[in-house]
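[1] requesting a structural model of the entry that follows:
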Amino acid sequence: MEKIILKPLLHRGQECIGIYFPVNYKVNGALQKAKAARFSNTHKCWYTPLSKENYNKLIRALKGLAEAEQSALHEYLQQKKKTEQPALPVTVKRANETRQTETVKWVIQKPVVYKKEKISAENAHVLPAMEEMLKLKAYSQSTIKTYLGEMTQFVIALKNIPAGALKPEHLKRYLVHCYEKLGLKENTLHSRMNALKFY
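    The predicted model follows:
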């Protein structure tokens, strides 16, 4: 029985399960038939977005054909689980006081609603990846909302064209289109340009 290795993989800003194995046409055919994974020319492996549903679909497609080695994936998920705890104890020292432990309360902000029905599957990963990057850079919720709104307009305009396949000249043509055809004002155009810098 074929042995495959499942590992965490970041593909186009999206968390995925990387599927690694030597060339095997039966396994390739099973993955294609079940639509359980896609092939990445960039990473030279099969992959599927990281979720319990996709994992189960993948295991069902491989049943009887391959045995999965998943230790790297399990380790990644365990580590991720630890870092997503809602509160962590920390030690602080105040003037004229002994050390004491307090609990840090995390502020959970409402997620930005994306217009998923208008965004193709090819670009569904763009907005969540961008939101995560903006939060890591500590941008304000107002700026995040503005930039995501501008990027939403961009990916809607792309339709089925993958955002990752675009080159700088394509972006320049798009911005000229926004100015000439859509009549965007200077401030809006600058917001859109700044938003595009994050992808």
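
[2] what's the pLDDT at L9?
    pLDDT, L9: 88.

[3] as a check, name the ranges of all helices in this structure.
    In the chain, the helices defined using DSSP state H lie at 25-33, 52-62, 71-83, 126-136, 141-158, 168-180, 186-196.

[4] got those helices as a markdown table, with mean pLDDT and distance to F39 columns?
    Bear in mind the C-beta positions are built from the backbone N, C-alpha and C, glycine included. Below are those laid out as a markdown table (pLDDT from 0 to 100; distance: least, C-beta to C-beta, whole Å):
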| stretch | mean pLDDT | distance to F39 |
| --- | --- | --- |
| helix 25-33 | 89 | 8 |
| helix 52-62 | 90 | 14 |
| helix 71-83 | 81 | 19 |
| helix 126-136 | 85 | 20 |
| helix 141-158 | 87 | 22 |
| helix 168-180 | 87 | 24 |
| helix 186-196 | 87 | 28 |
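
[5] and those as JSON lines, adding mean neighbour count and distance to H43?
    Formatted as JSON lines, those follow (neighbours: other C-beta atoms under 10 Å; distance: least, C-beta to C-beta, whole Å):
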{"stretch": "helix 25-33", "mean neighbour count": "14", "distance to H43": "15"}
{"stretch": "helix 52-62", "mean neighbour count": "15", "distance to H43": "16"}
{"stretch": "helix 71-83", "mean neighbour count": "12", "distance to H43": "14"}
{"stretch": "helix 126-136", "mean neighbour count": "18", "distance to H43": "16"}
{"stretch": "helix 141-158", "mean neighbour count": "17", "distance to H43": "22"}
{"stretch": "helix 168-180", "mean neighbour count": "12", "distance to H43": "23"}
{"stretch": "helix 186-196", "mean neighbour count": "15", "distance to H43": "25"}
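
[6] tell me which of those lies nearest to Q14.
    For those, proximity to Q14 was assessed by C-beta to C-beta; helix 126-136 is nearest, at 6.1 Å.

[7] remind me what the closest one packs against, helices and strands.
    The helices and strands touching helix 126-136, judged by 3 or more C-beta pairs under 8 Å, 6 or more residues apart in numbering; DSSP states H and E, are helix 141-158.

[8] give me the residues contacting the helix it packs on.
    Under the criterion C-beta atoms under 8 Å, 6 or more residues apart in numbering, residues 109, 112, 114-115, 118-120, 123, 126-127, 130-131, 134-135, 139, 163, 166, 174, 188, 191-192, 194-196, 198-199 lie in contact with helix 141-158.

[9] again with stretch 172-188
    By C-beta under 8 Å, 6+ apart, stretch 172-188 touches 150, 154, 157, 189, 192-193, 196.

[10] so how many other residues sit close to Y47?
    Y47 has 23 neighbouring residues, counting by other C-beta atoms under 10 Å.

[11] what's the local residue count around Y139?
    16.

[12] so how far is T146 from it?
    When distance is defined by C-beta to C-beta, to the nearest Å, Y139 is 9 Å away from T146.

[13] now swap in L171 and tell me
    18 Å.

[14] quick one, longest strand in this structure?
    In the chain, with assignment by DSSP state E, the single longest strand is strand 2-11.

[15] list the buried ones in it?
    Within strand 2-11, the residues scored as buried using 16 or more other C-beta atoms under 10 Å are 4, 6-9, 11.
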